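> Output the structure for:
(one chain, ligands or ions: 1)
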Amino acid sequence: MPAPCAQLLRQQAPCGPALGHLQRWQHPWLRRPSLAAAAAAQPPPQQTQTQQQTQQQTQQQQAAAPQQQFRQQAPPPPPPPAFSVPTAGRPSHTADLYSSPADPITSFGFAHGFSDKYELAGQLGSGTFGIVHVAVNRETGERYAVKSMPKRFANGGQLEPYYVRRVRNEVDICNHLGRSLSVCYLYEAYEDDTCVDLVMELCTGGQLWDKIKLGSYSEADARRLVREMVRAVAQCHGMNVMLRDIKPENFMFLDSHPDAPLKAIDFGISVFCRPGQYVDVRAGTPIYIAPEVLRMNYTLSADIWSLGIVSYQLLTGRLPFSGEEGQDVSEVYMRKQTYDNKSVFRAVLFAELDFTSPPWDTLSDAARDFVQACLNRDEKQRPTAEQLLAHSWLQEELAVSDAPFSDTIVQRLQRFGLYGRFRQVAMRALIHNMARDSEQLSDMRAAFQQLDTDSDGRVTYSELKQALQNGHFDLSAQEVEQLLEQVDQQHRGLIDFEQWAAAMADWRSFKDEQQADWEGLVRRAFRSMDPDGDGVITAQELELLLCGEEGCEVPDIVDAALREADADHDGKLDLQDFKSFLESKTDDSLSLFESRISRDGSGSDSSGSGSDSCKGGA
Ligand SMILES: Nc1ncnc2c1ncn2[C@@H]1O[C@H](COP(=O)(O)OP(=O)(O)OP(=O)(O)O)[C@@H](O)[C@H]1O
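Alright, predicted model coming up:
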């Protein structure tokens with residue numbers, strides 16, 4: 001029988017590691033500035049004296065509690081956990097990591113009534129902070145995963161700061177990234193007096209680790225999985241999120257089909273970090289961390305090293321470390337999943353990396369080149385995740401640019417989902433105001449008309465679902481809903497042509513096509529978003545524009561839009577802000593997203609997962 005939260009609290013292992021990433025972050029459902037947008041909008045910081053003092057104070061507090069800094073690795077299973085070590089007295093290179101200790105709070109402000117809506121079923125797994133169960137929606141019978149994180153209180157009845165940061169971190173980053181199919185979707189967050197419950201997409205196919213420990217994959221299978229992981233990482237990096245804990249335990253298969261999609265889970269120690277920003281807190285799981293993480297000066301490229309380790313494991317069934325420093329680490333870890341930190345750190349820093357022993361003689365040069373590039377100890381020489389996607393080893397048979405439009409619909413929907421709300425609305429305003437004879441528009445209109453089976457100019461969810469079922473996409477029913485909700489932000493259950501076109505458009509070619517009338521188009525689009533025509537969109541007008549009469553269900557939406565687009569920081573948007581905002585949009589690549597085109601024509605397995613497979617293509 002399901003364990004209620006209070007019971008979970010008793011079952012929970014004693015306190016795990018203190019988390020050293022003192023990132024200031026926010027839950028988007030609470031009205032505070034979003035770190036994500038702040039990280040995106042602000043230039044790399046010069047820390048103020050006060051920030052440094054706060055940081056040093058926090059670090060001193062942490063240094064005074066060393067027993068909380070590491071968690072002893074317990075052999076075997078479960079696999080060794082992530083850790084995070086604060087670094088006393090070192091200057092930080094990042095904006096927010098240390099500047100703001102968690103607020104003294106007693107609750108997060110999440111919804112109440114988890115048990116009214118869901119019934120717990122079997123346990124799926126457990127980690128340092130939570131126990132994960134299947135949760136069944138009492139009304140619909142749909143199945144989810146719920147991570148129950150028993151509240152940890154400090155003296156004085158307030159929540160322990162590490163716990164606060166950890167929960168908020170997970171929620172904030174999931175919300176930030178959750179619109180892509182590469183990331184386990186977070187549906188809801190609940191709390192009561194004793195517990196936080198995060199309701200997530202259910203992955204029934206097990207961890208990638210379960211498969212790796214059985215031995216190496218064929219090169220073709222490994223390539224597919226690595227491509228999926230690199231995509232997830234490229235999306236995270238594109239959103240200024242460093243994962244910091246890439247390992248096979250943190251990727252789960254959606255279901256038990258042999259080609260089931262992989263989903264990234266667990267963002268508890270991820271951190272917001274822009275390219276070029278540095279972090280100086282050791283964090284991660286020792287076997288997978290990059291040498292520069294041990295040296296406590298690293299940036300997004302540290303994730304690429306971890307990807308290299310996992311790729312090596314997938315291809316060979318072992319770790320890369322060899323020679324005097326590494327042989328034992330490799331053998332003992334793969335056999336027993338245990339190690340001692342000192343030997344691992346020595347191996348990470350100094351061990352030879354073996355690219356010659358079998359099965360390397362049977363693997364392609366491209367595979368070797370890919371893994372070697374990831375495992376370059378000089379982090380500056382490592383490719384970015386986006387560059388890795390273009391590596392010859394990962395290249396798909398059909399380049400995305402050559403794929404027919406109808407094959408890329410799921411990628412386009414994911415891409416649109418990762419835009420902020422203001423960019424989504426701006427795209428729609430541009431579409432509304434552009435010339436009717438645009439070539440892109442006519443292509444998209446033709447695709448839309450195919451979806452609109454009753455020709456009423458609008459596509460319902462069920463029409464879209466049906467379209468996605470009739471062709472060749474592998475999508476769970478829940479994934480279809482996730483994708484469509486992005487386009488139908490007002491939750492009308494309908495998508496009109498302009499919404500559809502805004503979601504499908506390629507920004508670069510769209511802009512190129514409109515070049516002759518670009519200035520005029522931008523002016524017209526801005527005017528159509530400025531209801532009283534006074535040349536500025538105030539915060540109040542922005543809320544109406546972004547969320548309609550109902551107001552925003554996620555309070556941070558308006559603040560995030562202002563942070564992204566209000567270049568002169570005067571709290572409102574004018575035409576100049578809008579122009580610069582549109583110019584700042586450069587990245588448009590579909591290759592970051594899974595096409596989800598069915599691989600074998602049979603779709604994914606729906607058995608008991610609550611994620612019944614839809615197969616289709618428009
Ligand atoms: N969405 C999901 N669907 C199915 N099982 C899941 C899901 N999320 C987590 N699990 C299972 O629960 C376990 C614990 O989850 P998770 O790693 O997120 O917890 P945690 O407390 O954050 O862990 P950590 O110790 O790494 O900090 C996972 O290893 C996995 O087996």
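> Every contact and neighbour count from this point should use C-alpha atoms.
OK.
> can you give me the helices in the stretch 201-350 of the chain?
For the stretch 201-350 of the chain, the helices defined by DSSP state H, counting those that start in this stretch cover 208-212, 219-238, 291-294, 301-316, 323-336, 341-350.
> nearest to Q514, of those?
With CA to CA as the criterion, Q514 lies closest to helix 219-238 of the helices of the stretch 201-350 of the chain, at 25.9 Å.
> Please identify the deepest-packed of the helices of the stretch 201-350 of the chain.
Highest mean neighbour count among those (mean count of other CA atoms under 10 Å): helix 301-316, with a mean of 26.
> quick revisit: kindly report which one of the helices of the stretch 201-350 of the chain carries the lowest mean pLDDT.
The stretch with the lowest mean pLDDT among the helices of the stretch 201-350 of the chain is helix 323-336, at a mean of 76.
> For the residue nearest to T453 when sequence neighbours are not counted, give its distance to S455.
Computed as CA to CA, 6 or more residues apart in numbering, the closest residue to T453 that is not its neighbour in sequence is E463, at 7.1 Å. Between E463 and S455 the computed distance is 11 Å (CA to CA, to the nearest Å).
> More neighbours: the two, which one.
Neighbours per residue (other CA atoms under 10 Å) separate E463 from S455, with E463 holding more: 17 against 11.
> Following element in sequence after the helix or strand that contains that one, please.
Secondary structure from DSSP states H and E places E463 in helix 461-470. From helix 461-470 onward toward the C-terminus, using DSSP H and E, the following helix or strand is strand 473-476.
> Enumerate every residue touching the residue nearest to T453.
By CA atoms under 8 Å, 6 or more residues apart in numbering, the contact set of E463 is 451-453.
> ok, so what distance separates it from the ligand?
28 Å (CA to the nearest ligand atom, to the nearest Å).
> mind checking pLDDT for that residue?
Looking at E463, the pLDDT reads 82.
> What is the burial count for S462?
So S462, with other CA under 10 Å, has 11 neighbours.
> And for D559?
Counted with other CA under 10 Å, D559 comes out at 21.
> ditto for F578
Residues lying near F578 (other CA under 10 Å) number 20.
> excluding its backbone neighbours, what's nearest it?
Going by CA to CA, 6+ apart, F578 has A565 as its nearest residue, at 6.6 Å.
> Quick check: phi and psi at that neighbour.
phi -110, psi -20 (degrees, to the nearest 10).
> list the contacts for it?
Neighbouring residues of A565 by CA under 8 Å, 6+ apart: 573, 577-578, 580-581.
> 10 Å instead?
41, 422-423, 559, 571-574, 576-582, 584 (CA atoms under 10 Å, 6 or more residues apart in numbering).
> Kindly report the same for F497.
428, 431-432, 441, 444-445, 448-449, 452, 457-459, 503.
> likewise A264?
A264 neighbours (CA under 10 Å, 6+ apart): 174, 178, 181-185, 207, 228-229, 232-233, 243, 246-253.
> that older thread, could you check how far the residue nearest to F578 is from V558?
For A565, the distance to V558 - CA to CA - is 11 Å.
> any shared contact partners between these two?
F422.
> So which bits of stretch 282-295 are buried?
For stretch 282-295, burial by neighbour count (16 or more other CA atoms under 10 Å) applies to 282-294.
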